[in-house]
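Undergrad: Got a sequence here, can you build the structure:
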Amino acid sequence: MRRRSAPATAPRRPSRTDEVQERIKQLILERGLTAGDPMPTELDLLEEINVSRNSLREALKALQAVGIVEIRHGFGMFVGTMSLVSLVDELTFHNRMSLHAGRNDLRHLVQIREVLEYGLIQQVARQRGAGSPADAQLAEVMEQMEAEARAGGVSPETDKRFHELLYEPLGNPLVIQLLAAFWDVYHALHAELDDADETPVEIAARHRRVYDAVCAGDVEESVAALTEHFSGIRRRLTPDQE
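TA: Numbers count the residues shown, from 1 in each chain. Take a look at the predicted model:
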């Protein structure tokens, strides 16, 4: 007997809110608006796209949630700047659920960040090796990290700033935002992980090795230093497997 195949699932029809969202996005593009530019008022949008007030407000709320529209109460609506806040919130919540369920899915996120940084640090080291000028800000942050380590602890803000400045010469703002998002998720769950087995001085020393290798334009040593840096994070996530 021939088995009947399951009926194909019909594609979801766009809701009224979806349609209004698309019309608002199209309006932004047609008018050549960019991040931070003021948008038409709610009344203007009602007339422009001819929808109900409820449909418009639902669409604006959805666009605000993903950062396309920014609503500043008392000032109006603006085209939003690129942000990964919603991604950070979602990843933090799901990783916290995994921890409460006895798993630690955060290691998957750290693995993605590690693979990404391996490629990025080679590009940065090659640039420095080709004569790219040293970054004075990065040198200052490295010194600040070492001073904090000697005083008893490296601040999360200094750690984050080090990695931002390390890859800033690549001129890719999306890379910086994506790495910052991964970093924010990790540190949001920092207190729920096992205690670190490295002292602040050791943590600063690992960063110093990365810094020195990149400044010297040594690609191979940069990768080795980064591997050592991530080994401490991996041990904290999976202490029984290191």
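Undergrad: Low-confidence regions, this structure specifically.
TA: By pLDDT under 70, the weakly predicted segments of the chain are 1-14, 130-134, 193-196, 238-242.
Undergrad: Which residue is the nearest non-sequential neighbour of the spatially most central residue of it?
TA: What sits nearest the mean C-alpha location of the chain, by CA atoms, centre = their mean, is Ala181, with 2.2 Å. Excluding its sequence neighbours, the residue lying closest to Ala181 (CB to CB, 6 or more residues apart in numbering) is Leu84, at 4.2 Å. C-beta coordinates here come from the backbone N, C-alpha and C atoms, glycine included.
Undergrad: all helices for the chain, in order.
TA: Counting by DSSP state H, the chain forms helices over residues 16-30, 42-49, 53-65, 85-100, 106-129, 136-151, 156-167, 173-188, 200-215, 219-237, given from the N-terminal end onward.
Undergrad: in terms of contact count, name the helices or strands touching the first one.
TA: So that's helix 16-30. In this structure, helix 16-30 makes packing contacts with helix 42-49, helix 53-65, judged by 3 or more CB pairs under 8 Å, 6 or more residues apart in numbering; DSSP states H and E.
Undergrad: just checking, Val88 touches Asp184?
TA: Yes - checked against CB atoms under 8 Å, the pair Val88 and Asp184 is within contact range at 4.9 Å.
Undergrad: on that earlier part again, and Phe75, which of the helices and strands packed on helix 16-30 is closest to it?
TA: Closest of the helices and strands packed on helix 16-30 to Phe75 is helix 42-49, at 13.1 Å (criterion: CB to CB).
Undergrad: ok so, going back, surely the residue nearest to Ala181 and Leu178 touch.
TA: Yes - here Leu84 lies in contact with Leu178, judged by CB under 8 Å, at a distance of 6.9 Å.
Undergrad: That's all I had, so thanks and see you.
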